[in-house]
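# Only the shape, not the letters, is given here:
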């Protein structure tokens with residue numbers, strides 16, 4: 001791997017570390033926990049096969065910024081700017097309006113590999129806190145936005161990233177990790193973040209430090 005490519009992956013990794021620290025830090029909110037429910041989600045089927053999409057998200061956290069770097073380096077910094085703003089806005093909500101959901105799924109006996117995967121997701125994310133907005137959805141909507149905006153990205157890559165990102169959004173509902181309100185909140189957070197990003201020069205700051213960062 002080229003040195004510059006590795007540098008871009010390290011940058012994406014640092015961005016991922018920021019997202020992770022912010023997310024888990026907000027789980028210690030001192031405010032009263034609200035349980036989110038909706039009749040819409042009660043009607044949705046439980047489809048454990050969508051757990052594959054759910055885990056694809058973790059790959060995209062490194063892949064998407066790297067792809068943006070390969071086609072247009074400045075897009076990677078714009079992506080990072082919107083992500084940072086979105087994470088900060090979401091963190092404010094997580095702290096002052098902590099939420100959870102009741103999954104309503106019994107996986108004491110699993111009958112497929114996908115159910116075992118979902119069971120592992122539940123095991124690693126119990127109690128299920130910081131639900132609104134769904135960070136899976138927040139990042140996916142940013143993936144979609146940046147994919148469509150990046151002119152240098154081939155149309156078939158755009159289509160692939162958009163469809164798979166929508167699959168990830170759907171997975172949060174079909175494996176009962178989130179409710180529809182979490183998705184709507186994610187859309188709102190991303191829209192506000194994109195608007196704020198228009199007045200922010202954070203991408204230029206990130207690029208400046210990136211260019212001065214060197215390793216042997």
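All right, it came through fine. Treat the numbers as computed from the prediction; the structure is a model and nothing was measured. Residues are numbered from 1 along each chain as shown.
# hang on, residue 200 packs against residue 85?
Yes. Judged on CB atoms under 8 Å, residue 200 makes contact with residue 85 at a distance of 6.9 Å. Backbone N, C-alpha and C define where each C-beta goes, glycine included.
# So these two - more neighbours on which side?
The neighbour comparison of residue 200 against residue 85 (other CB atoms under 10 Å) goes to residue 85, with 21 against 14.
# Now do the SS call for the more buried one.
Residue 85 carries the three-state label helix when classified by DSSP: H, G, I helix; E, B strand; the rest coil.
# Quick check: the gap between it and residue 7.
23 Å (CB to CB, to the nearest Å).
# List the buried residues of stretch 47-60.
When neighbours are counted by 16 or more other CB atoms under 10 Å, the buried residues of stretch 47-60 are found to be 48, 50-51, 53-54, 56-57, 60.
# Relative to the whole chain's centre, how far out is stretch 88-98?
Going by CA atoms, centre = their mean, to the nearest Å, the spacing between the C-alpha centre of stretch 88-98 and its chain's C-alpha centre is 15 Å.
# should've said stretch 172-183
13 Å.
# Retrieve the pLDDT associated with residue 37.
Predicted confidence (pLDDT) at residue 37: the value is 88.
# That one: what's it in contact with?
By CB atoms under 8 Å, 6 or more residues apart in numbering, residue 37 lies in contact with 101-102, 179.
# Where is pLDDT lowest across the residues you listed?
In terms of pLDDT, the lowest of the contacts of residue 37 is residue 102, showing 89.
# How many neighbouring residues does that residue have?
When neighbours are counted by other CB under 10 Å, residue 102 comes out with 12.
# gap between it and residue 108?
Relative to residue 108, residue 102 is positioned 16 Å away (CB to CB).
# got it, and residue 126?
Counting by CB to CB, the separation of residue 126 from residue 108 is 14 Å.
# Of the two, which one has the most company?
Comparing residue 126 with residue 108 by neighbour count (other CB under 10 Å), the higher total belongs to residue 126, at 10 against 5.
# you'd agree the more buried one is in a helix?
No. Checked against three-state DSSP, residue 126 lies outside a helix; its state is coil.
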